[in-house]
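Participant: what shape does this take:
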Amino acid sequence: MILHENEHPIDVGEVGITNLTPRQMDVVRSLVDGNSDKQTGYLLSISRETVRKHINNACAKLELRNRTQLIVAFAQWQVTEGKEQ
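Facilitator: I've put the predicted structure just below:
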C-alpha cells in the first residue's frame, strides 16, 4: 500500500500519474524497466542529476515520499489502466 506524506493510503486512480510531464513519464518508465539513474540518463541523453530532478519533481507532484513509491505507483497504474507502453 502506498501512503501519502500524511500517512493516508492513496488509491491508484488518485495518484495522478497522467499529471506527470512526458519527460517525467520517460524517466519513470526507464526506472520501472530496471535502469539506474546513470543508465536512464544515457538512454534519454540527459545527465544523472537531471534524472534525479525529474524523479524528485514527480514525487513532489504526486505527494509520494520516495522513488520506490513512484515506481510502484507507476507500475500499478500501468497494470490497472492497461497502459503497457
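Participant: quick one, helices of this protein?
Facilitator: Under the criterion DSSP state H, the chain contains helices at 12-15, 22-32, 37-44, 48-62, 67-81.
Participant: mean neighbour count and mean pLDDT added to the ones you listed, as TSV?
Facilitator: Any C-beta I mention is one placed from the backbone N, CA and C, and that applies to glycine too. Formatted as TSV, the helices of the chain follow (neighbours: other Cβ atoms under 10 Å; pLDDT from 0 to 100):
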stretch	mean neighbour count	mean pLDDT
helix 12-15	16	50
helix 22-32	18	96
helix 37-44	17	98
helix 48-62	17	96
helix 67-81	17	89
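Participant: list the contacts of residue 58.
Facilitator: Applying Cβ atoms under 8 Å, 6 or more residues apart in numbering to residue 58 gives the contacts 20, 24, 27-28, 64, 70.
Participant: export stretch 35-46 as PDB, just CAs?
Facilitator: The C-alpha trace of stretch 35-46 is given here as PDB (Å, rounded to 0.1, in the frame of the first residue of the first chain):
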ATOM      1  CA  ASN A  35      17.600   1.000 -15.300                       C
ATOM      2  CA  SER A  36      19.800   3.000 -12.900                       C
ATOM      3  CA  ASP A  37      19.900   6.800 -12.900                       C
ATOM      4  CA  LYS A  38      23.100   6.600 -14.900                       C
ATOM      5  CA  GLN A  39      21.600   4.200 -17.500                       C
ATOM      6  CA  THR A  40      18.400   6.300 -17.700                       C
ATOM      7  CA  GLY A  41      20.400   9.400 -18.300                       C
ATOM      8  CA  TYR A  42      22.300   7.700 -21.100                       C
ATOM      9  CA  LEU A  43      19.200   6.300 -22.700                       C
ATOM     10  CA  LEU A  44      17.400   9.700 -22.600                       C
ATOM     11  CA  SER A  45      20.500  11.800 -23.300                       C
ATOM     12  CA  ILE A  46      20.300  13.700 -20.100                       C
END
